[in-house]
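Engineer: Coordinates only, no sequence provided:
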């Protein structure tokens, strides 16, 4: 081998190492972004579960309890706003619809179906809660698919 051959071989090896390093860096970056999304989503779930007003609302929504009419408009507003935050994450492509449904869709659907949650003092007006009702509309088919084929649904849950 000549000096030029060694030089060419070193260049090829150098380019190979650079490409491998770039690919590893991209994979690490992707993993870190997925981890950050999961951490953010876990914080949201924790916020949802630890909020006593949310816990009370969820409990009452399970049976569409008449006491829902006595819940303050502020707590109802906060509850719906939480689902709108999830809807924004979904729209931005930061979470998948199966994950959003698995974590929060059930509760949003309960709220939408409730007769007692919505009242004259807190009307079910789509104009005020566009993101909430968009989220509910997106969750309905996902919820149905969950019941039709649980294994396929679980397989599609990832960040």
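Structural biologist: On my side now, so go ahead. A quick note: this is a predicted structure, and the numbers were derived from the prediction, not measured. Numbering: from 1, shown residues only.
Engineer: Which helix or strand contains residue 85?
Structural biologist: In this structure, residue 85 is located in helix 73-91 according to DSSP states H and E.
Engineer: mind listing what's buried in that helix?
Structural biologist: Of the residues in helix 73-91, 76, 79, 80, 82, 83, 84, 86, 87, 89, 90 count as buried by neighbour count, 16 or more other CB atoms under 10 Å. The C-beta positions use only the backbone N, C-alpha and C, and glycine is treated the same way.
Engineer: what's the answer for stretch 40-55, then?
Structural biologist: Counting neighbours by 16+ other CB under 10 Å, the buried set in stretch 40-55 is 41, 44, 48, 51, 54.
Engineer: The third one against residue 86, yeah?
Structural biologist: Pointing back at residue 48 there. No. With contact defined as CB atoms under 8 Å, residue 48 does not reach residue 86; the gap is 9.2 Å.
Engineer: nearest to residue 31, of the buried residues of stretch 40-55?
Structural biologist: For the buried residues of stretch 40-55, the residue nearest residue 31 by CB to CB is residue 41; the value is 15.6 Å.
Engineer: all helices for this structure, in order.
Structural biologist: Assigned helices in the chain, in chain order: 3-50, 52-63, 73-91, 97-100, 106-113, 130-148, 150-155 (criterion: DSSP state H).
Engineer: Show me what the longest one is packed against.
Structural biologist: Pointing back at helix 3-50 there. helix 73-91 (3 or more CB pairs under 8 Å, 6 or more residues apart in numbering; DSSP states H and E).
Engineer: what's next to the helix it packs on, contact-wise?
Structural biologist: With contact meaning CB atoms under 8 Å, 6 or more residues apart in numbering, helix 73-91 is reached by 41, 44, 47-48, 51, 53-54, 56-57, 95, 97, 100, 103-104, 107-108, 111, 117, 121-122, 129, 131-132, 134-136, 138.
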